[in-house]
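In: please find the sequence and the predicted model below.
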Amino acid sequence: MARILYGVAGEGMGHAIRSRVVIEHLARTHDVQVVVSGRAHDYLKARERDHLGVNKIWGLSIVYEDNEVRNFRTVLENVRGAVAGGWPRNVKAYFDLVEEFRPEVVISDFETWSYLFARTHALPCISVDNNQIVNRGEHSPEILAGHEADYLVAKSVVKAKLPGCFHYLIATFFEPRAVKARTTLHPPVLRPEILAARAERGEHLLVYQTSTSNEALPEILRGAGRECRIYGLRRELKEDLRDGNLVYRPFSEATFIEDLRTAKGVVSGGSFTLMSESVYLHKPMLAIPVKKQFEQVLNARYLEALGYGVSADELTAERLQAFLSRLPALEARLATYRQDGNRELLGHLDRLVAEAASNGASPDPLA
């Protein structure tokens, strides 16, 4: 049994959903302490078990407006959070863990604090995320076309996030060539509820949109000619609200997965988690990435290149109809996708943890 410190980025829920699966797997045979910020803390805390502790820390956040990252407001909000108590809270958590837990291995899902803990204490750090594909994969000019500058910026940011890890496990449904050492690509980590779901071909569209800036969205969806089950736009709802062929739903994990497994198609942003779940269940997706989020653009571009869906800069009636007209071809292509649960990544991680714990290897700062 190894003592593992596991860091989870708190921005968005994708990191928490993936990390929940990995952490529960590790906690069966290891002693695991988790550090996590934001909404992800509550999600993981609710699943706390023996040999598993979930500790809340302050983390960076991103400000979105009109389906676009607002850089200046993001900086202001994070500075305000740090001054108001974020950093002191992290420092206290740091010393508490040093004294009480003394981890042997660190695993980071794109989380900085745990990585810095590993570097400070010369501990091996294993990276498990999807973001490192930006820096450690080779992407063709066709995939990057029109976003070359954004790619260089994103690559620099991702490279600086967790340099010199013991190994990089990258979860991905697309497979560009890995161009750096100690890097392996694996199928996405899927929550057990998705693995247990059995896809059926329904007639409705599952729509997940959190931005309210597109005032034409309801009218666009009315033109779909089929029922649209919409999540994210009416967060105050306690029960379904029907407006013609539009059904606004309050969020429920079980209902959402049921709507996903029986959907004809999915309309959403460029989130890797929902995209990888849609691919696994063979559901075509119309992806509208958040502006200035290059990783989402990359996900959507590969989705389209593989024939699993369509990428669009914004949702319009014309783009929605073009997506609907391509559904048969997209379904045929998705039918070829296969994934053997989470065995590949988790099996490799088990071997890495054993190796790292026995060797006590420290990170290579030059990698």
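Out: Good, I have the coordinates. This one's a predicted model, so the numbers in the text were calculated from it and none came from an experiment.

In: domains for this structure, by residue range?
Out: 3-190+341-359, 193-334 (automatic domain parsing).

In: R229 reaches H204, doesn't it?
Out: Yes: the pair R229 / H204 is scored as a contact, 5.5 Å apart, by C-beta atoms under 8 Å. Just so you know, the C-beta spots here come from the backbone N, C-alpha and C atoms, and that holds for glycine as well.

In: could I get the domains of the chain as JSON lines with mean pLDDT and mean neighbour count?
Out: Shown next, in JSON lines, are the domains of the chain (pLDDT from 0 to 100; neighbours: other C-beta atoms under 10 Å):
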{"stretch": "domain 3-190+341-359", "mean pLDDT": "80", "mean neighbour count": "18"}
{"stretch": "domain 193-334", "mean pLDDT": "94", "mean neighbour count": "18"}
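
In: just checking, A224 touches L324?
Out: Yes: using C-beta under 8 Å, A224 makes contact with L324 at a distance of 6.7 Å.

In: in space, what's closest to L330 - neighbours in sequence excluded?
Out: Among residues not flanking L330 along the chain, P284 sits closest, at 3.6 Å (C-beta to C-beta, 6 or more residues apart in numbering).

In: pretty sure that neighbour sits against L306.
Out: No: counting by C-beta under 8 Å, L306 is not a contact partner of P284; they are 11.3 Å apart.

In: if we can go back for a sec, for A145, see how far away the residue nearest to L330 is.
Out: To A145, P284 is 22 Å away according to C-beta to C-beta, to the nearest Å.

In: picking that back up, which neighbours do R229 and H204 share?
Out: When contacts are counted by C-beta atoms under 8 Å, 6 or more residues apart in numbering, R229 and H204 have D259, A263 as shared neighbours.

In: how about the helices in the stretch 51-200 of the chain?
Out: Here the stretch 51-200 of the chain has its helices, by DSSP state H, counting those that start in this stretch, at 71-81, 87-100, 112-120, 133-136, 141-144, 148-161, 192-196.

In: which residue of the protein sits farthest from its center?
Out: Ranked by distance from the centre of the chain (C-alpha atoms, centre = their mean), the top residue is G244, with 32.7 Å.

In: stretch 261-279: end-to-end distance?
Out: Taking C-alpha to C-alpha, to the nearest Å, the first and last residues of stretch 261-279 lie 11 Å apart.

In: how far is it from where the chain is centred?
Out: 12 Å (C-alpha atoms, centre = their mean, to the nearest Å).

In: skip the chain neighbours and tell me the closest residue to the residue farthest from the centre of the chain.
Out: Leaving out its chain neighbours, the residue that sits closest to G244 by C-beta to C-beta, 6+ apart is R222, at 6.1 Å.

In: got it, and R102?
Out: R3 is the one closest to R102 (C-beta to C-beta, 6+ apart), at 6.5 Å.

In: gap between that neighbour and L349?
Out: Distance from R3 to L349, by C-beta to C-beta: 16 Å.

In: picking up where we left off before, which residues touch the residue nearest to R102?
Out: So R3 contacts H30, D31, Q33, F101, R102, P103, E104, V105 (C-beta under 8 Å, 6+ apart).

In: next one: A300
Out: Residues counted as contacts of A300 (C-beta under 8 Å, 6+ apart) are G270, M275, A287, I288, P289, G309, S311.

In: ok, now S114?
Out: Contacts for S114 (C-beta under 8 Å, 6+ apart) come out as L5, Y6, G7, V35, V106, I107, S108, C125.

In: likewise I133?
Out: By C-beta under 8 Å, 6+ apart, I133 lies in contact with I170, T172, P176, L185, L298.

In: how close does the residue nearest to the fourth one when sequence neighbours are not counted get to P187?
Out: Of all residues beyond its chain neighbours, the one nearest L185 is I170 (5.1 Å), with distances taken as C-beta to C-beta, 6+ apart. Per C-beta to C-beta, I170 is found 10 Å from P187.

In: and stretch 247-255, how far out from the chain's middle?
Out: Distance, centroid of stretch 247-255 to centroid of chain: 20 Å (C-alpha atoms, centre = their mean).

In: H147 touches E295, doesn't it?
Out: No: using C-beta under 8 Å, H147 is not in contact with E295, being 10.9 Å away.

In: on that earlier part again, may I have the beta-bridge partners of the residue nearest to R102?
Out: R3 has these beta-bridge partners by DSSP bridges: D31.

In: sorry, back to before: redo the contacts of A300 as a markdown table? Include distance to L162.
Out: Formatted as a markdown table, the contacts of A300 follow (distance: C-beta to C-beta, whole Å):
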| residue | distance to L162 |
| --- | --- |
| G270 | 22 |
| M275 | 22 |
| A287 | 26 |
| I288 | 28 |
| P289 | 23 |
| G309 | 29 |
| S311 | 27 |
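
In: brilliant, that's me finished.
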